[in-house]
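Asker: generate coordinates for the sequence data below:
(2 chains)
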There are 2 protein chains.
Amino acid sequence: MQQDLQNTLALLSRTPKALDALLRDLPEAWIFRNEGEKTWNAFDVLGHLIHGERTDWMPRARMVLQFGESKTFIPFDRWAQARESQGKPLPQLLDEFARLRAENLEELRAMNLRPEDFERRGRHPALGIVTLSQLLATWAAHDLTHLHQLSRIMAHQYREAVGPWSAYLGVLQCNGHSS
Amino acid sequence: MQQDLQNTLALLSRTPKALDALLRDLPEAWIFRNEGEKTWNAFDVLGHLIHGERTDWMPRARMVLQFGESKTFIPFDRWAQARESQGKPLPQLLDEFARLRAENLEELRAMNLRPEDFERRGRHPALGIVTLSQLLATWAAHDLTHLHQLSRIMAHQYREAVGPWSAYLGVLQCNGHSS
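Answerer: Below you'll find the model as predicted:
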């Protein structure tokens, strides 16, 4: 299906609540274990989503509308969360993500985008020309990629504990492509 | 890590709220589209989780405690949700899942399992001998496998819409191993 602003907003507005319901006050064993060296844990994923709210999605949407293809997006730092989130309590990160997301969606709604705006073009540092519609669709799909990753990281912690059932659990067959 | 009843309960008790936060009142485009012929949509996944609450996890836990290896578990019907859930509104399924899960966890807590109980053995129709601990760990990991699948099904709907970003979105590389 095509990117549709109402569908995109509906998903983007739900992600903070879904992560809150899943992660808040969950025992640390689920939050701070990862999938092995140089992989992320649930805490890192949340930090990464927060960094995206600050530096990626809306800043890029603004750039498309203001500068079009003439200015290249600033590359996204995929390891920034290590600096920004370390040591913060998880509930604080959940609150921060919810607040930033709500502010960003308020700004997006206030842009009152017209159908033709979605085809406006910007310049990605590696991918080249992209449209505003693709950027918004990616924002939503990026939430889902990290929900997918998060469920895989958490399931990994019970990989041995499930015994022979591991053969039936698809998430344990996932080879970590959604880092 | 080993299966730990508190960790398992913590996760199992959160899944209904997480799915509720993600799916309730979401536009139908996210709920009723699947990944192609003979694949599940979000509605089917929820129906499958409900069927598991009714026929799989606690009935099998009871069987382990009552009959040990002497009685084989009843095979789980992976397509039952088509009969049981079809035509029901999604909010009703979310309520049903939350209610059944809460009842099941109440029963599990009331069993007051002692450390040695977790090693009690039952007989799976295909996998053979399994322990109560493995069954409980699988219940939790099964929630995660379907959260993983759900995020993949939903992301699939924006596969074209994201344009060149599809290369960066791990969830779009997932080949559907978690059906």
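Asker: what residues sit buried inside stretch A:25-44?
Answerer: A:26, A:29-31, A:33-35, A:40-44 (16 or more other CB atoms under 10 Å in any protein chain shown). Placement of C-beta: from N, CA and C, glycine included.
Asker: leaving out chain neighbours, which residue sits closest to A:V64?
Answerer: Nearest non-adjacent residue to A:V64, counting by CB to CB, 6 or more residues apart in numbering or on different chains: A:G122, 3.7 Å away.
Asker: picking up where we left off before, of the buried residues of stretch A:25-44, list those near chain B.
Answerer: A:26, A:29-30, A:33 (CB under 8 Å from any CB of the partner chain).
Asker: need the residues you listed in JSON lines (columns: distance to B:A140, secondary structure and pLDDT).
Answerer: Listed next are those as JSON lines, based on distance: CB to CB, whole Å; DSSP: H, G, I helix; E, B strand; the rest coil; pLDDT from 0 to 100:
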{"residue": "A:L26", "distance to B:A140": "11", "secondary structure": "coil", "pLDDT": "98"}
{"residue": "A:A29", "distance to B:A140": "12", "secondary structure": "helix", "pLDDT": "95"}
{"residue": "A:W30", "distance to B:A140": "9", "secondary structure": "helix", "pLDDT": "98"}
{"residue": "A:R33", "distance to B:A140": "14", "secondary structure": "coil", "pLDDT": "97"}
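Asker: now render those residues as a markdown table, adding distance to A:E103.
Answerer: As requested, those are exported to a markdown table (distance: CB to CB, whole Å):
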| residue | distance to A:E103 |
| --- | --- |
| A:L26 | 26 |
| A:A29 | 32 |
| A:W30 | 28 |
| A:R33 | 31 |
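Asker: out of those, who's nearest A:G87?
Answerer: A:R33 (17.5 Å; CB to CB).
Asker: I figured the closest one hits A:R159, correct?
Answerer: No - A:R33 is beyond contact range of A:R159, at 11.0 Å (criterion: CB atoms under 8 Å).
Asker: ok so, going back, out of the ones next to chain B among the buried residues of stretch A:25-44, who's nearest B:E106?
Answerer: Distances from B:E106 to these, taken by CB to CB, are shortest for A:L26, at 19.7 Å.
Asker: and for the nearest residue to the closest one once chain neighbours are set aside, the neighbour number?
Answerer: Of all residues not flanking A:L26 in the chain, B:A10 sits nearest, at 5.5 Å (CB to CB, 6+ apart). Look at B:A10: counted by other CB atoms under 10 Å in any protein chain shown, it has 16 neighbours.
Asker: residues contacting B:A10?
Answerer: A:25-27, A:30 (CB atoms under 8 Å, 6 or more residues apart in numbering or on different chains).
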